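**Student:** Sequence and predicted structure are below.
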Amino acid sequence: IPETPDFYAALINDKRVVRVVALSGGYTRDDACERLAKNHGMIASFSRALAEGLKRSMSDDEFDEELGDAVDEIYEASTVKV
């Protein structure tokens with residue numbers, strides 16, 4: 001995820017480009033989503049950030065809730081830009 005918001009805007013707006021996908025880059029999920037939300041036209045590929053917070057000791061319900069929250073946060077950062 002670029003440090004400068006919309007750093008790849010010219011690339012994203014090029015008619016030959018279908019998608020520009022961001023990796024979470026070792027940031028926490030919260031930080032990665034905050035940065036992603038500042039980059040219009042960029043979507044997430046956050047496999048590591050998606051799994052952040054999941055623990056083997058969780059009940060099925062806790063696991064489902066944590067995973068659902070992660071999906072919602074990453075989806076929002078991909079679709080709702082600031």
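**Tutor:** Structure received.
**Student:** Enumerate the helices of this structure by residue range, in sequence order.
**Tutor:** Counting by DSSP state H, one finds helices in the chain at the ranges 9-12, 29-36, 47-51, 60-79.
**Student:** Can you point out the buried residues in the first one?
**Tutor:** Within helix 9-12, the residues scored as buried using 16 or more other CB atoms under 10 Å are residue 9. The way it works is simple: take the backbone N, C-alpha and C, and place the C-beta from them, glycine included.
**Student:** distance between it and the chain's centre?
**Tutor:** Remark: helix 9-12 is offset 18 Å from the chain centroid, using CA atoms, centre = their mean, to the nearest Å.
**Student:** The nearest residue to residue 8 once chain neighbours are set aside bridge partners, please.
**Tutor:** The shortest distance from residue 8 to any non-neighbouring residue, by CB to CB, 6 or more residues apart in numbering, is to residue 20 (5.6 Å). According to DSSP bridges, the partner residues bridging residue 20 are residue 42.
**Student:** wait, residue 20 sits on residue 45?
**Tutor:** No. Assessed by CB atoms under 8 Å, residue 20 is found out of contact with residue 45, at 10.3 Å.
**Student:** in stretch 24-41, what's buried?
**Tutor:** 24, 27, 29, 32-33, 35-39.
**Student:** Tell me the one among those residues nearest to residue 12.
**Tutor:** residue 39 (8.3 Å; CB to CB).
**Student:** wait, doesn't that closest one sit right on residue 22?
**Tutor:** Yes. Applying CB under 8 Å, one finds residue 39 in contact with residue 22, separated by 6.8 Å.
**Student:** Between the two, which contacts overlap?
**Tutor:** residue 1 (CB atoms under 8 Å, 6 or more residues apart in numbering).
**Student:** related to what we said a few turns ago, among the helices of the chain, which gets the worst mean confidence?
**Tutor:** Per-stretch mean pLDDT for those is lowest at helix 47-51 (a mean of 91).
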